[in-house]
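Student: sequence and predicted structure below; questions after.
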Amino acid sequence: MGSVKLQIMTIRTRFAPSPTGFLHIGGLRTALFSWAYARRHGGVFVLRVEDTDLERSSSEAIAQILDGLSWAGLSHDEGPYFQTQRFDRYKEVIEAMLATGHAYRCYCTKGELDQMRAQQTAQGQKPRYDGRCRDLKEVRLGVTSVVRFKNPLDGAVVVDDVVHGKVVFQNVELDDLIIARSDGTPTYNFCVVVDDMDMKITHVIRGDDHLNNTPRQMNMLLALGCKAPVYAHLPMILGSDGAKLSKRHGAVSVLHYRDEGYLPEALLNYLVRLGWSHGDQEIFSLDEIVELFDIADVNKSASAFDGDKLAWLNQQHMIRAPAAQLVAPLRWHLARAGITVGSDSILEQIILVQRERAKTLKEMAANSVFFFKAPTAYDEKAVNKHVTSEILKSLADLAAALGRLPDWSAVPIHDCISSCAAARDITLGKLAQPVRLAVCGGSVSPPIDATLAILGREETFVRLRRAQEHWGGT
RNA sequence: GCUCCCUUCGUCUAGUGGCCUAGGACAUCGCCCUCUCACGGCGAGUACACGAGUUCGAAUCUCGUAGGGAGCACCA
């Protein structure tokens, strides 16, 4: 038919973690890119758990990965599928490949294979299966067989990668990989192929440590009469020292960032800027990421993780977010610091005055404990510096003046402190610092007027009196 | 060892032959703002891994070299 084939293809991406450990930022970024790409094109984001390694997979890891994704807000449209629940399907495909001659049984023992590899390595060759069982006619008794894929012997596979461009692999470099172990269970590379085919994945977005697996997967797809998906291999994320991120070295669970007081949108913003940019823009909302992100713009080189920039972005997001949105997480962090807060309104007020002086919610919580717990000690150095007998007199004046204020809010409080200072012919700072010490115990807090306003009249007087008594005696 | 990938300020990046004596951001340092701490504003230093070639002209194209990474399992 000569008509133009205009097919509306639904974009389908997938995130396919193996539950052998926690979800770390590398995995989260892969998930983010797949998610964002699907969202941008109105596609479907599939979650698949690659748990064929029964030994190393755990249900705790699965739960942890799911928690991490849900905290980050990367919701999937399909799944989670579990490879362990698809063994019948894999078996079926293996039988079919055996029948069509795309796969064969191999009776080589582990010992034989080890010996083969040892020999090849000794000769400076790449260790690989030499195909000795490829054309075997009869079964070998007494040895349980594995099943190998019959990889083409010549020609080349071209991976047309969205981020790397065309990458050519010679088939001679590829050997016949095992697709079913001697116990019949399927192996990773094969499961991926069957799953991507069955789940109609159109775009495979994954770490570039998989680039070398791709030609084999494409060959298998071809043997199954299936069109290869579009591949995009993302560069890796390295530790802050430029070394590979691993569990032993710097890799932590994404939930660790929640515990440290980071906003998921800030983490995602940080991750999307690793290997990708949009002009000079640094701050992206989740919506903007969905709207602007394109894998085609991702660059090829690995990037190092920079905690300082993450912290800066986190603060920027806290400053931009509606205060109400930070109430729940701040309450959570305060609770972790031993403070339970009922009222939303006081938390909103605190957020408004604290967010430009904290990089994380955890830090904000720590800096805000004094609002709920009177200081048990005063910073000695600061007291020596700011509290004198003269100041103590001014403090008494101020307490009296504050007591006469009809309206307890920041502006009148500020005017009151300033006029008190002016009356004594001292700067505002000279008076504000002792007050600050009295109410929060240290020399750092939000502006003194806002601090007292939030603290409330009663509490302010209690703390002022206590400090005056304390300092008066020394 | 073999195959594949990567290489712009300390870090993340802009840059697709002339707009580049290389732009932005984080970090660093200085100044301003200022009741503290911050936020914010302004400014400074700092980079095209190296070597050849193509070209009137190269961060950008080609080839080498070096360095880094991945893969080469009955792991994923």
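Tutor: Looks like it came in fine. Numbers count the residues shown, from 1 in each chain, chains lettered A, B, ... in the order given.
Student: would you say residue A:81 is within a strand?
Tutor: Yes. Using DSSP: H, G, I helix; E, B strand; the rest coil, the assignment for residue A:81 is a strand.
Student: how about the helices in the stretch 101-250 of chain A?
Tutor: With DSSP state H, counting those that start in this stretch, the ranges of helices along the stretch 101-250 of chain A come out as A:110-122, A:188-198, A:214-223.
Student: mean confidence score for the last one?
Tutor: Over the span of helix A:214-223, the pLDDT mean works out to 96.
Student: pLDDT below threshold where in chain A?
Tutor: Applying pLDDT under 70 to chain A picks out residues A:1-8, A:140-142, A:246-250, A:473-474.
Student: mind giving me the domain split of it?
Tutor: As assigned by automatic domain parsing, chain A contains the domains A:8-78+A:235-320, A:87-234, A:321-368, A:374-474.
Student: now tabulate the ones you listed in JSON lines and tack on mean neighbour count.
Tutor: The way it works is simple: take the backbone N, C-alpha and C, and place the C-beta from them, glycine included. Formatted as JSON lines, the domains of chain A follow (neighbours: other CB atoms under 10 Å):
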{"stretch": "domain A:8-78+A:235-320", "mean neighbour count": "18"}
{"stretch": "domain A:87-234", "mean neighbour count": "16"}
{"stretch": "domain A:321-368", "mean neighbour count": "17"}
{"stretch": "domain A:374-474", "mean neighbour count": "16"}
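Student: using CSV, lay out those domains together with distance to RNA strand B.
Tutor: Below are these laid out as CSV (distance: least, CB to the nearest atom of the strand, whole Å):
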stretch, distance to RNA strand B
domain A:8-78+A:235-320, 3
domain A:87-234, 3
domain A:321-368, 4
domain A:374-474, 3
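Student: what's the first-to-last distance across stretch A:358-376?
Tutor: Length of stretch A:358-376, first residue to last, CA to CA, to the nearest Å: 23 Å.
Student: mind checking how far it is from the chain centre?
Tutor: 26 Å (CA atoms, centre = their mean, to the nearest Å).
Student: now what about that stretch, what contacts it?
Tutor: Stretch A:358-376 is contacted from outside by A:259-263, A:311-312, A:314-315, A:318, A:326, A:329-330, A:333-334, A:336-337, A:339, A:341, A:346, A:350-351, A:354-355, A:357, A:439-442, A:444-445, A:454-455, A:459, A:462-463, A:466, using CB atoms under 8 Å, 6 or more residues apart in numbering.
Student: do stretch A:106-123 as well
Tutor: Contact with stretch A:106-123 is made by A:126-130, A:132-133, A:136, A:139-140, A:143, A:145-148, A:176, A:178, as judged by CB under 8 Å, 6+ apart.
Student: figure out how far that stretch is from the centre of its chain.
Tutor: Counting by CA atoms, centre = their mean, stretch A:106-123 comes out at 41 Å from the chain centroid.
Student: just stretch A:433-441 next, same as before
Tutor: Distance, centroid of stretch A:433-441 to centroid of chain: 39 Å (CA atoms, centre = their mean).
Student: quick check: closest non-adjacent residue to residue A:26.
Tutor: With CB to CB, 6 or more residues apart in numbering as the criterion, residue A:26 has its nearest non-adjacent residue at 4.9 Å, and that residue is residue A:237.
Student: shouldn't that neighbour be in contact with residue A:245?
Tutor: Yes. Contact criterion CB atoms under 8 Å: residue A:237 and residue A:245 qualify, at 5.9 Å.
Student: now for these two: what residues contact both?
Tutor: Common contacts of residue A:237 and residue A:245 (CB under 8 Å, 6+ apart): A:25-26, A:305.
Student: which SS state does residue A:53 fall under?
Tutor: Look at residue A:53: counting by three-state DSSP, its state is coil.
Student: state the phi and psi torsions of the closest residue to residue A:186 other than its chain neighbours.
Tutor: Excluding the flanking residues, the one nearest residue A:186 by CB to CB, 6+ apart is residue A:90, at 4.0 Å. Taking degrees, to the nearest 10, you get phi -60, psi -40 for the backbone angles of residue A:90.
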